[in-house]
Structure formats: structure tokens, C-alpha cells
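Visitor: Model the structure of this input:
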Amino acid sequence: MASKAKPGRGQTVNPSQEPANDNRIKKVQANCERAYTRCQPHKGLLDQLYEYVIPYRAPAGTQTASTDDRVDRIFDGTATKAAFRFAGRMSQDVTPAFQRFFELKIGPYLNVQGDAKKQLEEELGTITSKVMAVLEAAQFSVAANEMYLDLFGGTGAMLMPEDDRDVLRFVSVPIGELALREDGLGRVNGIYWRKEFEAGDVATMWPEAKMTISDSLAKIIKEEPSQLVTIVQATEYDATSGQWHFDAYRPDNCEEGPIYSTTENTCPWLTPRFWKVPGEAMGRGPGLTGLPTAKTLNKVTELTIKAAAFAILGLWTYKNDRVFNPKTARMKPGAFWAVGSTGGNMGASVQRLDVPGRFDISNLILQDLREALKQAMLDDTLPPDSGAVRSATEIVERMKRLSADLSGAYARMVLEIVRPLIQRVIDVLFRRNLIDTSLKIDQLLTRVEVISPIAKLQQAQDVSGIVDWLQIILSIGGPQIMMLTAKVEEIFAEIGRKLGVSETMIRSDTEKKEIQKVVAALIAAEQMRPQAPPGGAPPPGELRAAA
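Guide: Below you'll find the model as predicted:
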């Protein structure tokens, strides 16, 4: 850069103006290579997951490998069904489509009360509506469902670059093409995406005015636009400035500098990990947890199918007397075979060979394996109507177990999906002057309250606790003790907030006081009205006036 000033919000770096830019890209490439080397063992686990659970996916790190033969090796679809059910359930429970799954709220360290607090809450509600409009317009829910399918294996990835039309684009990236790097405290500070693109697509991936294409790349784009070009999109965190540097470059031609480079205040990536083992950058998911069971179930199903084939077709022996030819013999009902003999001293020319062992017990083994696989892959669905009758207690306990299994992963989903997603959208909206305030979601001054279905269950439990408390006070002490003990006038507003009711529907303190004044005036006017005596006779004053 021409000056040493810190890059501003969204400022793009021109490689031709920075002498030390080549060395910086070489350093980024060295970090990228180390990250891919450390993540290589995890790629082997992903290959097994793709082979036995999601056979339609190509091996990790490849885009053109055929998956036809991989599908032929799958004999049981329980694990595949669990993977797609997991993606759908995450979409419904964490970020439901066309539903508001979060609310921006005032943090506990922001000391505002009364009408000022309510006004600020309403402003945050307006920003929430604008953020949701961006997510719906850019089809975030579609890309999120694809990301959750990779999250089944432990790690998901979504790129969020700016877009001139939809403000943001949401691109679900196959985790097999990605590598993550952590700092000494276990925070992700490097995200690297290495992939082959057609040269003709490179020219349209970033704003043309901010790109710097070398002469060699420009020649490829012009003469062979269909040629594959390897591009690395590296995103690294700068602890000194607190910003993220994004660079797109060709790893084999680092001396050319970046094709596109920018500095952002927020990370343009979502890289959620379902479960995480300390010391590993990549996550572990229910797909990897149930992978050994899926492999066993697949092999048992394969053997069962082979046993059924032997039971139906049989295994035959024939005498090699050059009379019977098994290559021309037709295995079909009513067919006649020309044989030299069907018995005698030399034995039958063709005879069925009995296969020892009974494989009908395999049905019991398969059923147990399927149940174990569903539990490992968090696919605890209700039993089918045609199955054995299950008690209500068993169903309730199954739902409780599923909720407990997701409790640890749910906190990570909020920290690595919802909060960075909302922060990214707010940052881009403020940069493009679509909102007036730049909010920093630190959970202290401004916080994100998740109101997705999986969070509403906890909020409903909080509301149930409040209602139970009021009922206990009312049943023991009566209405007077309840009014002395509980702030009834505040409880109903708090219940509404926990249930996701908008602040515009809840009255402020000033509105409450105005209503109280109106009610008090009506009561006073009612008390000042003259009361008629029993029997319907007019008051004495009216009798004297009439006389």
C-alpha cells in the first residue's frame, strides 16, 4: 500500500502498490500448506463417511471423481437417511427458513431504564427486521441446509461475500476442500479454501474494479476459458488490528500477488463444529460417531442379501463330463437341461449343494444395529405405527435423551453460527449505509437472543416456572399475598418477551401511567355520581327541586 495506515472497513488492497505484497502471499501460502497437512487425517475420516453414509459425495478434496461405484457398495440406507434428516432438523431447530430465529436485545451492562430502554429495544427490533430481510433475500436457508449436511460429519463451512444485488451471498463450501487453523488459545484464526475453477469464472467471482489479474492469467482467461485454474481463498485474522484479511491467489504463482484482496472487520466465513476434541481444528459430528456401526450394518446387510440369494437360487455342482454346460443352461422355471445322467453309480450330473447355516437370525441383528445406529446419529424418530406398541414413557424419555444429546452442541451452534452470522450482516449493512448504527454483539452491551424452536423449548420452561410460582403463591397465600410478593404488572411483559412477542406490542412505562390516570379518572367520576336510594326513589335534592 502507498501508506502505512491501517486498512479501513472493507478497504481493498491493490497488489501493484505494495512492494512487500509478494512476501505476504508466500507467508499466507506457507500457513495454508501447514493447515492442510494438519487436517489431512480428518480428510481420511471424511472419505469413509462419504463412502458409507453419503455415497453421492465425491472424496474429500476432489470435484470430478465418479460416485457410481460408491453407490453400488451401499446395502442399507439407514445412515444416509439419518444424514439428511439431521440436516433438515438443524435447519428447522437452529435457523428455520422464513422465520425469525433471533432477536437483538440490550445487554446486562447497558444501564438504561424506562422509556429509554424501550425505545432502544424498538430500534434493535428494527435492525433485526432488516437483517432478516437480507437473510431471506439472499436465500440463506438454502445454503444453510447444505452446510448442515456437512456438519453431520463434524464441520460445516459457508462463505459470505458481499453482493451488489442481495447485499450478501451465502455459498456452502464442501468441508473436504477446506482447511482450518487455530491459534494457541483454540480460536480459528485461519480459513483456507483451495479449489480448481474454470478460468472464465475467475474474472466474474469478484468485483472487476477491485481485481488485479496478471498477464499470464489474463492470457488463459482469453484463450482457454475452460481450463481449470487452482485458486486459494485465504482468510486470516490479524490480532494486532482485530481485522480479517481475505486474499485470493494462485498457489503456484505466488509471485504474481493476490488476484483479489480485502480487509474486513468481520470474518466472511461460518465454520461451525458440532462437537470438538481439544487440540483439533476440525469438528466431530454424529456421522463420525456412528460410522463404525454404519460399516457393520452395511456388511451384515450385504451378507444377508447374499444368503437370501443362495436360498433362492442355490449353489449347484455339475459333473465335468462335457455334456452339461453351465454357461448355456438357463436358470428359470420350466427350463430343461441336457445332461448325461441324473444318477447311477457315478452320481447325478447336476445336484444342488446344501449351504450350511441359518441366516434368518440376521434379521434380529439388523434390527438391533439399526436402533444403535439411529441413537449414535441422533435420529431418534418415533417408532412406526406398524411396529410394536411403545409406551408414552418410552417416547418421552427418548425425546429427553435427544434434547440432552444436543444440549452441548447447541451452545456451539449459537456461538459459531448465529452470532457471527448476525454480526457479519450488521457490519455489511452499516458499511453500505443501510443502517445508522454499527453494533458490536459482545453479549454485554448488545446481545443476540436466539428464539429458534430449539431455544423456545428452554424459554417455555422458564415461563412454566414463573406460572407455577404464581399458582403456588395464589393457592397458599391468596391474591393479597401474591400482589405483595410478585410484581404482577411486570411479570406479564416478561412472559411476552420470553415467548418472542415484539416490543412494539408491549406497553412502555409512560403508556402504563397514562392508562392508570385514565382509569383513576373514570373511577373518581363514578364515585362522584349521585346514588339512587333503594326502591328507585329519586334523591332528596331532586324531590325538593320538584316541589
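
Visitor: Confidence-wise, which helix or strand of the chain is lowest on average?
Guide: helix 540-546 (a mean of 51; mean pLDDT, DSSP states H and E).

Visitor: most centrally placed residue in this protein?
Guide: The centroid of the chain falls nearest to Y148 when counting by Cα atoms, centre = their mean (4.3 Å).

Visitor: Name the helix or strand for that residue, please.
Guide: Following DSSP states H and E, one finds Y148 within helix 140-151.

Visitor: Past that helix, which element shows up next along the chain?
Guide: Downstream of helix 140-151 (by DSSP H and E), the next one is strand 158-159.

Visitor: contacting residues around V414?
Guide: V448, V450 (Cβ atoms under 8 Å, 6 or more residues apart in numbering). Glycine gets a C-beta too; all of them are placed from N, C-alpha and C.

Visitor: Pull up the gap between it and L445, please.
Guide: Using Cβ to Cβ, to the nearest Å, V414 is found at 18 Å from L445.

Visitor: Kindly report the same for E198.
Guide: Going from E198 to L445 by Cβ to Cβ gives 46 Å.

Visitor: what's the answer for Q92, then?
Guide: According to Cβ to Cβ, Q92 stands 31 Å off from L445.

Visitor: how about S226, what does it touch?
Guide: Neighbours of S226 in contact, by Cβ under 8 Å, 6+ apart: E198, A199, G200.

Visitor: Please read the previous query as pertaining to A493.
Guide: I506, R507.

Visitor: same thing but 10 Å
Guide: Applying Cβ atoms under 10 Å, 6 or more residues apart in numbering, we find A493 in contact with K118, K487, V501, E503, M505, I506, R507, S508, K512.

Visitor: In the helix holding Y148, which of the residues would be classed as buried?
Guide: Using 16 or more other Cβ atoms under 10 Å as the test for burial, helix 140-151 gives F140, S141, A143, A144, N145, E146, M147, Y148, L149, D150, L151.

Visitor: got a markdown table for the contacts of S226, with distance to I220 and neighbour count too?
Guide: As requested, the contacts of S226 are exported to a markdown table (distance: Cβ to Cβ, whole Å; neighbours: other Cβ atoms under 10 Å):
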| residue | distance to I220 | neighbour count |
| --- | --- | --- |
| E198 | 10 | 13 |
| A199 | 5 | 20 |
| G200 | 9 | 15 |
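
Visitor: Of these, which belong to strands?
Guide: Counting by DSSP state E, the part of the contacts of S226 found in strands is E198.

Visitor: got a pLDDT number for P539?
Guide: pLDDT, P539: 57.

Visitor: and if you look at T78?
Guide: Reported pLDDT for T78: 91.

Visitor: any chance you could map the helices in the stretch 401-547 of the chain?
Guide: Assigned by DSSP state H, counting those that start in this stretch, the stretch 401-547 of the chain shows helices spanning 419-431, 453-485, 488-498, 509-528, 540-546.

Visitor: Averaged pLDDT, the third one. What do you get?
Guide: For helix 488-498, the mean per-residue pLDDT is 78.

Visitor: That helix vs helix 509-528, what angle?
Guide: Using axes from the mean of the first three to the mean of the last three Cα atoms, to 10 degrees, the inter-axis angle of helix 488-498 relative to helix 509-528 is 140 degrees.

Visitor: buried sites along helix 488-498?
Guide: The neighbour-count check on helix 488-498 (16+ other Cβ under 10 Å) flags A493, R497, K498 as buried.

Visitor: now, among the residues you listed, which is nearest to N345?
Guide: Proximity of those to N345 was ranked by Cβ to Cβ; the top entry is K498 with 91.2 Å.

Visitor: Test my guess that the closest one contacts V467.
Guide: No: between K498 and V467 there is no contact under Cβ atoms under 10 Å: 11.1 Å.

Visitor: now, which of the contacts of A493 sits nearest P59?
Guide: Lowest distance from P59 to these (Cβ to Cβ) belongs to V501, with 49.2 Å.

Visitor: For the closest one, give me its contacts.
Guide: By Cβ under 10 Å, 6+ apart, the contact list for V501 reads A493, I495.

Visitor: Equivalent analysis for S438, please.
Guide: S438 sits next to R9, N265, I426, D427, L429, F430, R431 when contact means Cβ under 10 Å, 6+ apart.

Visitor: Can you tell me which of these are classed as buried?
Guide: Buried among these (16+ other Cβ under 10 Å): N265, I426, D427, L429, F430, R431.

Visitor: pLDDT score for the last one?
Guide: Spelled out, it's R431. 92.

Visitor: And it, how close does it get to L168?
Guide: According to Cβ to Cβ, R431 stands 11 Å off from L168.

Visitor: Give the intersection of the neighbour lists for the two.
Guide: Common neighbours of R431 and L168 (Cβ under 10 Å, 6+ apart) are E162.

Visitor: If you count neighbours, what's buried in stretch 433-446?
Guide: I435, L439, I441, T446.

Visitor: Who are the contact partners of the second one?
Guide: Read that as L439. Per Cβ under 10 Å, 6+ apart, neighbours of L439: L104, L124, I127, I422, Q423, I426, D427, L429, F430, L445, T446, V448.

Visitor: Equivalent analysis for the last one, please.
Guide: For T446, the residues meeting the contact criterion (Cβ under 10 Å, 6+ apart) are 104-107, 109-110, 120, 124, 127, 423, 426, 437, 439-440.
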